[in-house]
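A.B. asks: I'll drop the sequence and a predicted model, then ask my questions.
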Amino acid sequence: MHNFYERYKSHILLEEIGISGQECIKSSRVIIVGAGGLGCPVAVYLASAGVGNIGIIDFDNVDVSNLQRQILYGDKDVGKSKVEIAKEKIERLNSEIKVITYNEKLTSLNALEVLKNYDVVVDAADNFQTRYLVNDACAIIGIPDVWASVYRFEGQVSVFDVKKCACYRCFHPVSPKPGNVPSCGESGIVGAITGIIGSIQACEVIKIITGAGNSLIGRLLYLDALNMVAKEFKIAKDSKCVLCGKNPSIKELIDYDEFCHISESSKNEITSDELNIKIKNNKNIQLIDIREENDKNDLVFPQAATISLKNIVFLKDKLNKNFDAIFVCKYGYKSIYAVQLLKESGYKGKMYSLKGGTLKYLK
Ligand SMILES: [Zn+2]
């Protein structure tokens, strides 16, 4: 075991941290929700900083497309459990800390049970269901939520703490519908932005634990790395917030898939195998490929009609209600949105979206 004072000398030298601050870091308990692009740098810096108890929750395995930004994983880790590899790697960085892994999805059923064992939660998730779940659970337990999100060359980060200021719902009360929000897989992301934003999250955690400086509570930091411009926005507590306002309607965890419109859209999904069966059986189907006018990619289904998302409602009077309409697109997000838009426009025929898009279909 290394000498505590030698190992953390650079922290101890800082008057804002000092020996007592480093002791606080050692006895602190921090959980990272999501071991992806943000979670990896957070885990590295918290482990190196000597955070004594680190929890990591994620149910995913390492995919080859993760390696471009998820810095804890390498070629040989593809296919293995993210949390297990993450634990192995950060224990190599610092053998004096305790790492607890949860190889499962954070849900309304386990969130309070898991998160209540920690002093701070780092929301490093990539989806809205988990963001609202983490926010609500942190508010109920009464612990801070160090939140961030990244997109293309951009990142935003803040700290939500209902005891002191706003929650995520005060800032973002309504969940967008799936299909409106492209994922990293769909829109792309520059790897280094996850490193920058994740490192800011780790820095906020250290400040919260030691009480150093001014945290991002009540503020949102936005970074546009393409032009390398940072902006700061104030986040105020909303007295009408359904969670932390004066008359809250949410007092316990809810169904976050339903809140984020996931259940309703997944009901309309069809898998590649199910689609193949329909095609093979010559079922009366009409295939529609959602693509923009300038898209030159080959049609995966040559028999499909093509239409852009902005023109989708014009299909309302053209589709045959007696045939199943099956929408496809590259990633399976636009097609979900197409189904929703037509449903909202009053179209009554059966509609499906190809799950995982043509990309998954071709695998
Ligand atoms: Zn709130």
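C.D. replies: Nice, I can see it. Numbers count the residues shown, from 1 in each chain.
A.B. asks: The stretch 201-350 of the chain against the ion: which residues are in contact?
C.D. replies: Residues of the stretch 201-350 of the chain lying close to the ion (CB under 5 Å from the ion) are 241, 243-244. Heads up, the C-betas are built off the backbone N, CA and C, glycines and all.
A.B. asks: From the ion, how far off is the residue nearest to Arg69 when sequence neighbours are not counted?
C.D. replies: Leaving aside its chain neighbours, Arg69 sits nearest to Gly191 (3.3 Å; criterion: CB to CB, 6 or more residues apart in numbering). Between Gly191 and the ion the computed distance is 32 Å (CB to the ion, to the nearest Å).
A.B. asks: give the contact list for Gly191.
C.D. replies: Applying CB atoms under 8 Å, 6 or more residues apart in numbering to Gly191 gives the contacts 37, 68-69.
A.B. asks: Setting the sequence-adjacent residues aside, check what's closest to Pro41.
C.D. replies: Once flanking residues are discounted, Pro41 sits nearest to Gly198: 3.4 Å by CB to CB, 6+ apart.
A.B. asks: so which strand or helix has the one you found?
C.D. replies: For Gly198, the host element (DSSP states H and E) is helix 191-210.
A.B. asks: Leu83: how many residues sit nearby?
C.D. replies: Wrong residue type there; residue 83 is Val, not Leu. Residues contacting Val83 under the criterion other CB atoms under 10 Å number 25.
A.B. asks: Start at 635, not 1
C.D. replies: OK, 635 is where the count begins now, so the last one is Val717.
A.B. asks: For it, give me the pLDDT.
C.D. replies: Per-residue pLDDT puts Val717 at 98.
A.B. asks: go on, Gly819?
C.D. replies: So Gly819 comes in at 59 (pLDDT).
A.B. asks: quick one, what contacts Gly983?
C.D. replies: 953-959.
A.B. asks: one more time with 7 Å, if that's ok
C.D. replies: Each residue near Gly983 by CB atoms under 7 Å, 6 or more residues apart in numbering is listed here: 953, 955, 959.
A.B. asks: what about the second one, how many neighbours?
C.D. replies: Meaning Lys955. As a burial measure, Lys955 scores 10 neighbours (other CB under 10 Å).
A.B. asks: Check for me that Asp923 belongs to a strand.
C.D. replies: Yes. Counting by DSSP: H, G, I helix; E, B strand; the rest coil, one finds Asp923 located in a strand.
A.B. asks: if I pick it, what's in contact with it?
C.D. replies: With the criterion set at CB under 7 Å, 6+ apart, Asp923 makes contact with 933, 935, 938, 940, 962-963.
A.B. asks: Check what contacts stretch 780-792 and list those residues.
C.D. replies: 671-672, 754-758, 765, 793-794, 802, 821-824, 827-828, 830-831, 834-835, 838-839, 850, 853-860, 869.
A.B. asks: between the contacts of Gly825, which is nearest Cys894?
C.D. replies: Gly671 (20.4 Å; CB to CB).
A.B. asks: The closest one: neighbour count?
C.D. replies: Neighbour count for Gly671, taken as other CB under 10 Å: 26.
A.B. asks: Against the ion, how distant is it?
C.D. replies: Taking CB to the ion as the measure, Gly671 falls 26 Å from the ion.
A.B. asks: Next one: that residue, what pLDDT does it get?
C.D. replies: Note on Gly671: pLDDT of 97.
A.B. asks: With the one 10 residues further on instead?
C.D. replies: Confidence per residue is given as pLDDT, and for Ala681 that number is 98.
A.B. asks: Secondary structure of it: a helix, I assume?
C.D. replies: Yes. Counting by three-state DSSP, one finds Ala681 located in a helix.
A.B. asks: And the residue with the largest distance to the centre of the chain, how far from Gln937?
C.D. replies: Residue farthest from the centre of the chain, counting by CA atoms, centre = their mean, is Asn916 at 39.2 Å. Distance from Asn916 to Gln937, counting by CB to CB, to the nearest Å: 12 Å.
A.B. asks: Could you do Asn910 as well?
C.D. replies: For Asn910, the distance to Gln937 - CB to CB - is 14 Å.
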